[in-house]
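Asker: Just the structure for this:
(chains A and B)
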Amino acid sequence: GENVEQHPSTLSVQEGDSAVIKCTYSDSASNYFPWYKQELGKRPQLIIDIRSNVGEKKDQRIAVTLNKTAKHFSLHITETQPEDSAVYFCAASIKGVTGGGNKLTFGTGTQLKVEL
Amino acid sequence: DTEVTQTPKHLVMGMTNKKSLKCEQHMGHRAMYWYKQKAKKPPELMFVYSYEKLSINESVPSRFSPECPNSSLLNLHLHALQPEDSALYLCASSHSQGNEKLFFGSGTQLSVL
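Answerer: The predicted structure follows:
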């Protein structure tokens, strides 16, 4: 099955700096890569996703890059703000799950702390 | 309506109790999911329903029993749980086309005494 590794496990940055979180996946058939943000005690929220036919996607201060050859993808947050502090999870899935639905494999998470 | 609604938000139960978690969505999604999340860990998939039929069971113990009465509702029936089953239980939904965005509910924080 798919295995997703995520680094670093914790990341502390100063407000205004950039933050980068990296993930690698094992199954070359994976073709959908979402990122979720989870604040303490709250639901995981989808913040950006990318499909395997795209190398980069940007949404305001957030961008994701995908390198299919190396099987890794990264989340980039620019001009970080205190409200960006949360746990971030990457995930990967393979199209065509038997019976339908979307079987995501999550990374282990990164605790991002943005300090004033 | 772009939300997945879960009830109750918190639940405390004894090991001999029977309880149910409920999930509802009105986004027209035809795939619904149950995830279990322990503190500081990623969500772990338990069950997937697609078009009201169970499509994935990740070898979950039978003390957890899912039910999908219709395309908008998903239940998780709990019976004879163990203290190690204490966790945040998250419901999610998506279009049932594969590789579609998952939307999570706020979860039920379950404590088993």
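Asker: can you pull the contacts of A:Ser93?
Answerer: Contacts for A:Ser93 (C-beta atoms under 8 Å, 6 or more residues apart in numbering or on different chains) come out as A:Glu2, A:Ser30, A:Asn31, A:Tyr32, A:Asn102, A:Lys103, A:Leu104, A:Thr105, B:Gly98, B:Asn99. From N, CA and C alone the C-beta is placed, and that goes for glycine too.
Asker: The fourth one and A:Leu46 touch, don't they?
Answerer: The reference is to A:Tyr32. No: A:Tyr32 is beyond contact range of A:Leu46, at 11.5 Å (criterion: C-beta atoms under 8 Å).
Asker: Next, the closest residue to A:Ile62 other than its chain neighbours: phi, psi?
Answerer: Spatial nearest neighbour of A:Ile62, chain neighbours left out: A:Ile48 (5.2 Å); criterion: C-beta to C-beta, 6 or more residues apart in numbering or on different chains. Backbone torsions for A:Ile48, taken as degrees, to the nearest 10, come to phi -170, psi 150.
Asker: Show me the beta-bridge partners of A:Ile48.
Answerer: Counting by DSSP bridges, A:Ile48 is bridged to A:Trp35.
Asker: Run a quick neighbour tally on it.
Answerer: The local packing count at A:Ile48 equals 19, with neighbours defined by other C-beta atoms under 10 Å in any protein chain shown.
Asker: circling back to that earlier point, closest to B:Leu90 among the contacts of A:Ser93?
Answerer: B:Leu90 has its nearest neighbour among these in A:Leu104, at 11.8 Å by C-beta to C-beta.
Asker: ok, the lowest-mean-pLDDT helix or strand in chain B: who's next to it in the sheet?
Answerer: Least confident helix or strand, chain B: strand B:53-57 with a mean of 90, by mean pLDDT, DSSP states H and E. In the sheet, strand B:53-57 lines up against strand B:44-50 (antiparallel) (DSSP bridges).
Asker: now the partner strand: mean pLDDT?
Answerer: Taken as a whole, strand B:44-50 has a mean pLDDT of 93.
Asker: Many thanks, have a good one.
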